[in-house]
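Participant: Give the three-dimensional model of this entry:
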Amino acid sequence: MEFLSLNLENQSTLLPKPNLLRQIIVVASIVAGVQFGWALQLFLLLPYVHLLDIPHASAAYILFCGPISGMFVQPIVDYYSDRCTSRFGRRRPFIVAGALAVAIAVLLIGYAADMGHMFGDSLEKKAYPRVIAIFVVGFWMSGTITWY
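Facilitator: Numbers count the residues shown, from 1 in each chain. This next block holds a predicted model:
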């Protein structure tokens, strides 16, 4: 019995202490990845916003709506994921749903012009209301999901 207690005492001294700096770097790298993705998305999509002749004031609202709606979506998703009793776990169903939603959002953004023309926007006119609507929905979805 004495051998067992000594063994346990020695084991507690041999356990590595958590490295706080390493934990901070790991958490910061996750956030940095999200920020990098968001910055890349804004950088690549701003020329497309101007190509669609969306006014600058409206473009600012479009860019702003994703983070704002994500601010409301994140607590709702967190609430339901904390109470999820799926056989796949608490988080996995939400991760899969988010990944599918991002895939749909990317498809909406990438094919907004094609879908807008398919739904009736004319190539001869300079205004493309359906293309803009599809683009805005895709951009809004991607911004919302990126922030949750």
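Participant: From what I see, Val102 and Ile145 are in contact.
Facilitator: Yes: with contact defined as C-beta atoms under 8 Å, Val102 counts as touching Ile145 (5.2 Å). (Glycine included, C-beta is placed from N, CA and C.)
Participant: More neighbours: which of those two?
Facilitator: For Val102 versus Ile145, the count of surrounding residues by other C-beta atoms under 10 Å is larger for Ile145: 22 against 16.
Participant: ok, now which ones touch the more buried one?
Facilitator: Contact analysis of Ile145 by C-beta atoms under 8 Å, 6 or more residues apart in numbering lists 70, 73, 98, 101-102, 105.
Participant: swap the cut-off to 10 Å and go again
Facilitator: Applying C-beta atoms under 10 Å, 6 or more residues apart in numbering, we find Ile145 in contact with 66, 69-70, 73-74, 77, 97-102, 104-105.
Participant: Give the PyMOL command for selecting the buried subset of these.
Facilitator: Selection of buried members from the contacts of Ile145 for PyMOL, criterion 16 or more other C-beta atoms under 10 Å:
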select buried, resi 66+69+70+73+77+98+102+105
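Participant: would CSV of the contacts of Ile145 with secondary structure and pLDDT be doable?
Facilitator: Below are the contacts of Ile145 laid out as CSV (DSSP: H, G, I helix; E, B strand; the rest coil; pLDDT from 0 to 100):
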residue, secondary structure, pLDDT
Gly66, helix, 77
Ser69, helix, 84
Gly70, helix, 81
Val73, helix, 87
Gln74, helix, 84
Val77, helix, 87
Ala97, helix, 90
Gly98, helix, 87
Ala99, helix, 87
Leu100, helix, 92
Ala101, helix, 89
Val102, helix, 86
Ile104, helix, 93
Ala105, helix, 89
